[in-house]
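A.B. asks: Sequence and predicted structure below; questions after.
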Amino acid sequence: LLMAEILREVEAQGEALSILYASTTKFYRGLGYEIAGTHYAARLETSYLPPVRTELEIRALTEDDRPAMQEIVRANGRVMPGHMDRCDYLWPRLLRPRGKPAQAFGVFDDAGKLRGFLAFTLASSEALDDFQAMELRVFEAADAEGLRGLMALLRSHHSMVREISTTLPPQSPFWSWLPEQRARMKMREQFLIRLVRVGDALAQRGYPVGVSGELLLEVEDPVLPDNHGLWHLRVRDGRGSAVRVADPDQASEDRVRLDAGALAALYSGHQSAENLAILDRAQGSPEALARASGLFVGRAPTCPEMF
């Protein structure tokens, strides 16, 4: 009852989505949350970093660099589903983990433009014969030259750092840069999301550019009744709009019926409509299910942050 009341307060504040890591999935599923993506953890020996040269300037970051850092984060986030906008809450957790400041560096071109940045902490490890272990907290490249500069910066630590640990997801350019697959990667956790305001969430989501279509979504949501009912989604040129159908009985029966949690998994791109039908969480004709999957298709959602 308390969590349901919190959701109603969040809805009243105008928030479209809620995201969390669940202590117990079953409990939050009962509130309309569903698994929507994955948080990974990986380790890599620095000996596998290839030598690389860069002409970019490397220097420590200051607070004055925050706007340029945020610009890169937002640009990368638009093509990496599940990545979060770095707000005032997240930046301190990334740059001062457990109250200890991380080392943050950027790579800059001749015009002084930030092309990429990273942040890490170092600690000696008996398991590594007292060499240092690096926890790579942030790794954001704006372009190919920025990626090269960041890899050069990491490589410069290999004489003292034996191992890098990071939560960069498998899709990160970091991993594809490496000449061999030598990382030890595992799925650490999965995050859950919940659509708090269905109409707003559907309208604020990005959709595949070049894909257009319409879809009727019949949503079952006993926790937030304003979401319950039939919604008409229209998608065109990467943007969507959603309106509630005033008279569901007069609307087409060619629709997808699903509960609030199933909609969350479809919305994030973590599950296709067909998979949700196999799970008995969605119903519709094969054509309607295929249309839903096509509109919500995207890269596998991942989140490097843990909170």
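C.D. replies: Nice, I can see it. Numbering: from 1, shown residues only.

A.B. asks: From the centroid of this protein, which residue is nearest?
C.D. replies: Compute the mean C-alpha point of the chain, and by C-alpha atoms, centre = their mean the closest residue is Gly82, 1.6 Å away.

A.B. asks: residues contacting Tyr33?
C.D. replies: With contact set as C-beta atoms under 8 Å, 6 or more residues apart in numbering, Tyr33 has these partners: Ser18, Leu20, Ala22, Leu192, Ile193, Arg194, Gly261, Ala264. C-betas here are computed from N, CA, C, even on glycine.

A.B. asks: Quick one: buried ones out of those residues?
C.D. replies: Ser18, Ala22, Leu192, Ile193, Arg194, Gly261, Ala264 (16 or more other C-beta atoms under 10 Å).

A.B. asks: The nearest residue in space to the fourth one that is not next to it in sequence: how many residues sit nearby?
C.D. replies: Excluding the flanking residues, the one nearest Ile193 by C-beta to C-beta, 6 or more residues apart in numbering is Ala36, at 4.2 Å. With neighbours defined by other C-beta atoms under 10 Å, the count for Ala36 comes to 25.

A.B. asks: Can you report phi and psi for Ala36?
C.D. replies: Main-chain torsions, Ala36, degrees, to the nearest 10: phi -130, psi 0.

A.B. asks: That one against Ser268, yeah?
C.D. replies: Yes. Between Ala36 and Ser268 there is a contact at 3.7 Å, judged by C-beta atoms under 8 Å.

A.B. asks: Mind listing the shared neighbours of the two?
C.D. replies: Common contacts of Ala36 and Ser268 (C-beta under 8 Å, 6+ apart): Gly82, Ile193, Pro301.

A.B. asks: Give me the distance between the last one and Gly14.
C.D. replies: Distance from Pro301 to Gly14, counting by C-beta to C-beta, to the nearest Å: 23 Å.

A.B. asks: sorry, back to before: pLDDT-wise, what's the bottom of the shared contacts of Ala36 and Ser268?
C.D. replies: Lowest pLDDT of the shared contacts of Ala36 and Ser268: Gly82, 89.

A.B. asks: Skipping its backbone neighbours, what lies nearest Ala4 in space?
C.D. replies: Setting aside the residues directly before and after it, Ala4 is nearest to Val223 in space (C-beta to C-beta, 6+ apart), at 5.3 Å.

A.B. asks: Need the phi and psi values for the one you found.
C.D. replies: Val223 adopts backbone torsions of phi -80, psi -40, taken as degrees, to the nearest 10.

A.B. asks: show me the contacts for it.
C.D. replies: Residues near Val223 by C-beta under 8 Å, 6+ apart: Ala4, Leu7, Leu31, Gly32, Ala260.

A.B. asks: Turn those residues into CSV, including distance to Ser156, secondary structure and pLDDT.
C.D. replies: Shown next, in CSV, are the contacts of Val223 (distance: C-beta to C-beta, whole Å; DSSP: H, G, I helix; E, B strand; the rest coil; pLDDT from 0 to 100):
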residue, distance to Ser156, secondary structure, pLDDT
Ala4, 52, helix, 94
Leu7, 48, helix, 96
Leu31, 48, coil, 97
Gly32, 48, coil, 98
Ala260, 49, helix, 98
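
A.B. asks: got a winner among the residues you listed for most neighbours?
C.D. replies: Counting by other C-beta under 10 Å, top hit in the contacts of Val223: Gly32 with 27 neighbours.

A.B. asks: how close does the spatially closest residue to that residue that is not a sequence neighbour sit to Arg115?
C.D. replies: Counting by C-beta to C-beta, 6+ apart, Ala260 is the residue found nearest to Gly32 once chain neighbours are left out, at 3.6 Å. Ala260 sits 42 Å away from Arg115, going by C-beta to C-beta.
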